[in-house]
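**Student:** quick one: sequence and predicted model below, then my questions.
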Number of protein chains: 2
Amino acid sequence: MKEIEEILERNKIRVTASRLLVYRYLYERRSVVALSEIENAFGRADRSTLYRTIKTFEENRIVHQIDDGTGVLKYALCEPGCNCNIKSDLHLHFHCNECNETKCLTDHKIPPIEVPDGFVAENANLVIKGVCDKCNLN
Amino acid sequence: MKEIEEILERNKIRVTASRLLVYRYLYERRSVVALSEIENAFGRADRSTLYRTIKTFEENRIVHQIDDGTGVLKYALCEPGCNCNIKSDLHLHFHCNECNETKCLTDHKIPPIEVPDGFVAENANLVIKGVCDKCNLN
DNA sequence: TCAGCAATGCAACAGAAGTGCATTAATTCA
DNA sequence: TGAATTAATGCACTTCTGTTGCATTGCTGA
């Protein structure tokens, strides 16, 4: 928890109970989670508090948002060195159709894509769907 | 309208007023539209009818669904030869952050992506965000 | 013509995202 | 330290989207 406090302080946001808990939850889950999952994990926390907590994290680039095509926004802790705001960090996400989990494939980058003349690409989102390694074993 | 009727008949779905209108709207817009846009275009049509019309089109591969990351599902007419159901047709979409329009870049394919060992990719969705050609001129 | 099926319109629901506002907690600074 | 200020929280509520149930209407084929 000490380290989490430091991370929050480094980002110049106030250290509060919900922020510590949400951060720890994201850290322990080590995957991509929806707001509703965080909600369920903390029975007695208020939705809008969790919502605003995640938004604060997002603004401070502590988490990044992922749209994996399930219709629900997901969030994941930025890995050390994750520059999700920068063009060069266009890593991709994998959504498993069996367990419904989404994973960041941090070390798989999106290959450079050409866009037609006149278009300027600023950002890219690539979600691969299929079966993940765990589900593949069964 | 005659041609639209033929297309519907070819797909063995009944020719009805709402289907003709929705098809024509999609055809004239020639871009990627949300259900709510169709709704607004036909003031007096019922939402669920339009919803089911689009779903029918989707099942019959007349339109394909696009998740452009705005949180709203979009639909576009399949181009002649669009094999949106087939792996090899992983074309990508471009979302303009200025005019908020999404375009199919039909002739730009998603380059082959490697996934980690144990993962099986079945499908991919790639949305590039940036500024489109029209907005770039201004 | 009429039975049967498909399409429509209306109402309603669920889930997620987002906001306003009063209350509470943390900080700042005199 | 303690008052003033600013930020975070909790609650209630709204909006939007997707989706479904059901009764009604309309089409079609025997």
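**Tutor:** Received the coordinates, thanks. These figures come from a predicted structure and were not determined experimentally.
**Student:** okay, and the helix or strand of chain A with the least pLDDT?
**Tutor:** strand A:102-109 (a mean of 85; mean pLDDT, DSSP states H and E).
**Student:** quick one: buried residues of that one?
**Tutor:** A:102-105, A:108 (16 or more other Cβ atoms under 10 Å in any protein chain shown). Just so you know, the C-beta spots here come from the backbone N, C-alpha and C atoms, and that holds for glycine as well.
**Student:** tell me the angle the helix or strand following that strand makes with strand B:120-131.
**Tutor:** Next in sequence after strand A:102-109, counting helices and strands by DSSP states H and E, comes strand A:120-131. Orientation of strand A:120-131 against strand B:120-131 (axes from the mean of the first three to the mean of the last three Cα atoms, to 10 degrees) gives an angle of 160 degrees.
**Student:** where exactly do the strands run in chain A?
**Tutor:** A:33-34, A:63-67, A:73-77, A:91-96, A:102-109, A:120-131 (DSSP state E).
**Student:** where does chain A come near DNA strand C, residue by residue?
**Tutor:** Taking Cβ under 7 Å from any atom of the strand as the measure of proximity, chain A contacts DNA strand C at A:14-16, A:34-36, A:47-48, A:51-52, A:71-73.
**Student:** those into JSON lines, with extra columns for distance to chain B, neighbour count and pLDDT?
**Tutor:** What follows is the residues of chain A next to DNA strand C, written out as JSON lines (distance: Cβ to the nearest Cβ, whole Å; neighbours: other Cβ atoms under 10 Å in any protein chain shown; pLDDT from 0 to 100):
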{"residue": "A:Arg14", "distance to chain B": "29", "neighbour count": "8", "pLDDT": "93"}
{"residue": "A:Val15", "distance to chain B": "31", "neighbour count": "14", "pLDDT": "94"}
{"residue": "A:Thr16", "distance to chain B": "28", "neighbour count": "13", "pLDDT": "94"}
{"residue": "A:Ala34", "distance to chain B": "13", "neighbour count": "17", "pLDDT": "96"}
{"residue": "A:Leu35", "distance to chain B": "13", "neighbour count": "18", "pLDDT": "96"}
{"residue": "A:Ser36", "distance to chain B": "15", "neighbour count": "11", "pLDDT": "95"}
{"residue": "A:Arg47", "distance to chain B": "18", "neighbour count": "11", "pLDDT": "95"}
{"residue": "A:Ser48", "distance to chain B": "18", "neighbour count": "8", "pLDDT": "96"}
{"residue": "A:Tyr51", "distance to chain B": "14", "neighbour count": "13", "pLDDT": "97"}
{"residue": "A:Arg52", "distance to chain B": "18", "neighbour count": "13", "pLDDT": "97"}
{"residue": "A:Gly71", "distance to chain B": "8", "neighbour count": "11", "pLDDT": "89"}
{"residue": "A:Val72", "distance to chain B": "9", "neighbour count": "14", "pLDDT": "93"}
{"residue": "A:Leu73", "distance to chain B": "7", "neighbour count": "14", "pLDDT": "95"}
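**Student:** out of the residues you listed, name the two that are farthest from one another.
**Tutor:** By the measure Cβ to Cβ, A:Val15 and A:Gly71 form the most distant pair in those, at 33.3 Å.
**Student:** up against chain B, what does chain A have?
**Tutor:** Chain A has residues A:67, A:69, A:71, A:73, A:92, A:94, A:97, A:105, A:108, A:110-111, A:113-133, A:136-137 near chain B, with proximity defined as Cβ under 8 Å from any Cβ of the partner chain.
**Student:** now with 6 Å, please.
**Tutor:** Within chain A, the residues that sit near chain B (Cβ under 6 Å from any Cβ of the partner chain) are A:67, A:69, A:111, A:118-133, A:136.
**Student:** identify the bridge partners of the residue nearest the centre of chain A.
**Tutor:** The residue lying closest to the centre of chain A (Cα atoms, centre = their mean) is A:Ala76, at 2.0 Å. Per DSSP bridges, the residues bridged to A:Ala76 are A:His64.
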